[in-house]
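quick one: sequence plus predicted model below, questions after.
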Amino acid sequence: MPINFTQIIKDSFHFMQNEKRNIIVLCALYFFADIIMVLLQSAMLPNEIVVSLSNNQISSAISEEQGINLVTFFFLKQFIYIFISAWCLVTIHQISLRQFSTVLQSFASTLKRIWGAMLLSFLIFIPILVGLTEAMIAIQQKVQPSIISLFAIIIGIGLYIRLCLAPVHYLLTDVGISASAKITWRAAMGRAAVLFIFCLLIYVLVPLAESFLISLSSNAIMAVITGIIAALINVFALIVTYRFYTLFIAKA
């Protein structure tokens, strides 16, 4: 029986309606994470770099210290958002199993598994990272990217699609990193199309929606409104991810 994405989305909406109080808490986690990142950005990065980042441009004249701060800020931002996503996902899992007590309980559960989940996420992203890095270096040197970088990106995308649920499986179960990768790899056999649709929804459409919302935040009031909407979208995407994961593994 194929996975019905329309039904998953409907069930996710029903989940949000039935768990309004908990959804507000999860959205608040994302919203406060956004505030923390704004404060860190203003503290770590000068205004000219912030402006260049908003225009998707990086000045080549930045100092070594500014470059270190930029890289530090980038990795810190990724860690915070990955942890918040994992925390929310564990909370959704516990609510679904009627095992949820408080966000502090789900926080403790997340701490136990987050490092392995992050390591697994990094490992399955390495081929794409290698290909993109080589291609970017070639573009900066004004030469054509090699066929190897293109091959690495294509292989990496295929690998990532097949293993995209491995970090989720590791986070929500008691199995190890290797076992999580093997279980999701076997579950993905002959089902690449449905995983591709899932990745398109979660890793392409959701970031595009967030980027559109960011473009609308022209003042403080709009920034707050768009921040709340973006938090709601992220929580909804995690609910869809959880429901898809449970169906996908169950039907393997």
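Received it, and whenever you're ready, just let me know what you need. For clarity, every value in this text was computed on a predicted model and none was experimentally measured.

so what's the one residue sitting closest to the centre of the chain up against?
In the chain, the C-alpha nearest the mean C-alpha coordinate belongs to I82, at 6.1 Å (Cα atoms, centre = their mean). Neighbouring residues of I82 by Cβ atoms under 8 Å, 6 or more residues apart in numbering: 114, 118, 121. No exception for glycine: its C-beta is placed from N, CA and C like everyone else's.

name the residues of the helix or strand that contains the last one that are buried.
Secondary-structure assignment from DSSP states H and E places S121 in helix 103-140. Judged by neighbour count (16 or more other Cβ atoms under 10 Å), helix 103-140 contains these buried residues: 103, 106, 109-110, 113-114, 116-118, 120-121, 124-125, 127-128, 130-132, 134-135.

can you pull out the low-pLDDT segments for the protein?
1, 45-67, 252 (pLDDT under 70).

end to end, how far does stretch 137-150 reach?
13 Å (Cα to Cα, to the nearest Å).

contacts for it, please.
Residues from elsewhere that reach stretch 137-150 (Cβ under 8 Å, 6+ apart): 130-132, 134-135.

how about the residues you listed, which pair is most distant?
The span of the contacts of stretch 137-150, defined through Cβ to Cβ, is set by V130 and A135 at 9.7 Å.

helix/strand/coil for F100?
Judged by DSSP: H, G, I helix; E, B strand; the rest coil, the three-state class of F100 is coil.

re the thing from before, out of the contacts of stretch 137-150, which is nearest to S12?
Checking the contacts of stretch 137-150 against S12 with Cβ to Cβ, the nearest one is L132 at 31.3 Å.

C88 is in contact with L29, correct?
Yes: L29 lies in contact with C88 (Cβ atoms under 8 Å); the separation is 6.4 Å.

of these two, which one has the most company?
C88 (28 against 20; other Cβ atoms under 10 Å).

re earlier: give me the element the residue nearest to the centre of the chain is part of.
Here I82 sits within helix 64-96, counting by DSSP H and E.

so for that helix, what gets flagged as buried?
66, 69-70, 73, 83-96.

now it and helix 103-140, what's the angle there?
Helix 64-96 runs at 140 degrees relative to helix 103-140, counting by axes from the mean of the first three to the mean of the last three Cα atoms, to 10 degrees.

for helix 64-96, the distance to its chain's centre please.
A distance of 9 Å separates the centroid of the chain from that of helix 64-96, by Cα atoms, centre = their mean, to the nearest Å.
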